[in-house]
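1. Got a sequence here, can you model it:
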Amino acid sequence: MNEAFGRPGERPTWTTGAKSGVGTAASPESLVWFTFSQGIMNEVYYPQVDTANIKDAQFVVAGDGFFSEEKSGTRHKMERLDLWAPAFRITNTCLSGRYEITKDVITDPSRNTLIQQVRFIPLEGKLADYSLFALTSPHIGNQGYHNDARIGEYRGNPMLLASSGSITLAVMCSSGFSKRSVGYAGTSGGWQDIAANYRMTNEFDSAPNGNVVLTGQIDLPEDGAFTLVFGFGKTEEEAAGQAYATIEAGYENCYTAYVDQWKKRTEPIRNLSACTGDDGALFRSSVQVLLSHQDKLHPGGTIA
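-> I've put the predicted structure just below:
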């Protein structure tokens, strides 16, 4: 195995608490919750609403002498995809006008997965001028240290893995990864490599027992569109199987079921939209936030 250097990595921290959105499936079969801010996913939870397993997950863009990250290098716009479901479209536009990334975000209501339906759009130059990388910072079981990271495959599909204790995270892309690496935050992680070289030069197979980072270069289709899935489970086989099944089901099918289930969940609630000054926007958001914070394994339980 080609093990990454720099263990255990820099001291772990958590991300901002100023969230732009929160969501989960209405069904009890999906035990994944997500939040986002600054245009990126952060603090993704499984199998309970108080157990975070991802600190943040964002895209990094590189080209000839060019480097940009979503979080600090773009303007962020958030839209709701449906009035009665916490399904979101995040549009991140490069501050220097080079590219745009759109991400439609939901969870699979039938599986323990988070889905990002992504499109990368070059605003200057052509698609071939850029490389797109998915960077994920696992914090399995609410902790940044003591995470094990590695690359793997499931039914011929390349993936990135992180685990600690009884929880495993698998990251899989519908179009595949052309390069993969795991490393330690602040030392051998993908951010440092790509920022310095404008491409991936490291391809480490494993990074045990530390504050780890997963990096995958997206094999971009001609239209720049792909699905990135984060699967969770008790084992590598389970997490990878969940991610693979979601990709096989297809984003559109998952989205339709996600929205339909939320509409059934909220239908019995008295609609106060006509009594508001904003056509019910704050009312609907409040309902979805409150319901999204409920625990699915312990009925009646909620988190602040």
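2. Do a quick rundown of the strands in the stretch 1-150 of the chain.
-> Here the stretch 1-150 of the chain has its strands, by DSSP state E, counting those that start in this stretch, at 21-24, 33-37, 40-45, 52-63, 66-69, 74-80, 88-94, 99-107, 113-122, 131-138, 147-154.
3. Please work out the average pLDDT along the third one.
-> I take that to be strand 40-45. What strand 40-45 shows for mean pLDDT is 96.
4. what packs against that strand?
-> strand 33-37, strand 52-63, strand 113-122 (3 or more CB pairs under 8 Å, 6 or more residues apart in numbering; DSSP states H and E). Any C-beta I mention is one placed from the backbone N, CA and C, and that applies to glycine too.
5. ok, 7 Å please
-> Helices and strands touching strand 40-45, by 3 or more CB pairs under 7 Å, 6 or more residues apart in numbering; DSSP states H and E, are strand 33-37, strand 52-63.
6. Switch the strands of the stretch 1-150 of the chain over to CSV; also include distance to residue 287 and mean neighbour count.
-> Output for the strands of the stretch 1-150 of the chain, formatted as CSV (distance: least, CB to CB, whole Å; neighbours: other CB atoms under 10 Å):
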stretch, distance to residue 287, mean neighbour count
strand 21-24, 12, 22
strand 33-37, 16, 24
strand 40-45, 20, 23
strand 52-63, 24, 23
strand 66-69, 34, 18
strand 74-80, 13, 15
strand 88-94, 16, 20
strand 99-107, 17, 23
strand 113-122, 22, 22
strand 131-138, 31, 24
strand 147-154, 35, 21
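7. do you know which of the helices and strands packed on strand 40-45 lies nearest residue 79?
-> Nearest of those to residue 79, taken as CB to CB: strand 33-37 at 12.6 Å.
8. Relative to residue 148, how far out is residue 236?
-> According to CB to CB, to the nearest Å, residue 236 and residue 148 sit 10 Å apart.
9. Which residues are in contact with each of the two?
-> Taking CB atoms under 7 Å, 6 or more residues apart in numbering as the criterion, residue 236 and residue 148 both touch residue 163.
10. for the chain, which spans come out with low pLDDT?
-> For the chain, the stretches flagged by pLDDT under 70 are 304.
11. got the contact list for the nearest residue to residue 109 once chain neighbours are set aside?
-> In this structure, residue 109 finds its nearest non-sequential neighbour in residue 25, 3.9 Å apart by CB to CB, 6 or more residues apart in numbering. Neighbour list for residue 25: 107, 109, 258, 261 [criterion: CB under 7 Å, 6+ apart].
12. surely the third one meets residue 106?
-> Yes: using CB atoms under 7 Å, residue 258 is in contact with residue 106, at 4.8 Å.
13. between those two, what contacts are shared?
-> Common contacts of residue 258 and residue 106 (CB under 7 Å, 6+ apart): residue 87.
14. So in terms of bridging, what pairs with residue 227?
-> Counting by DSSP bridges, residue 227 forms beta bridges with residue 117.
15. Quickly note the distance from it to residue 143.
-> Distance, residue 227 to residue 143, using CB to CB: 29 Å.
16. Specify the helix with the largest residue count in this structure.
-> Ordering each helix of the chain by length in residues (DSSP state H) puts helix 251-266 first.
17. tell me the angle of that helix relative to strand 113-122?
-> Put simply, helix 251-266 runs at 130 degrees to strand 113-122, going by axes from the mean of the first three to the mean of the last three CA atoms, to 10 degrees.
18. could you point out which element follows helix 251-266?
-> Next helix or strand after helix 251-266 toward the C-terminus (DSSP states H and E): helix 281-292.
19. distance between that following helix and the chain's centre?
-> Put simply, helix 281-292 sits 22 Å off its chain's centre (CA atoms, centre = their mean, to the nearest Å).
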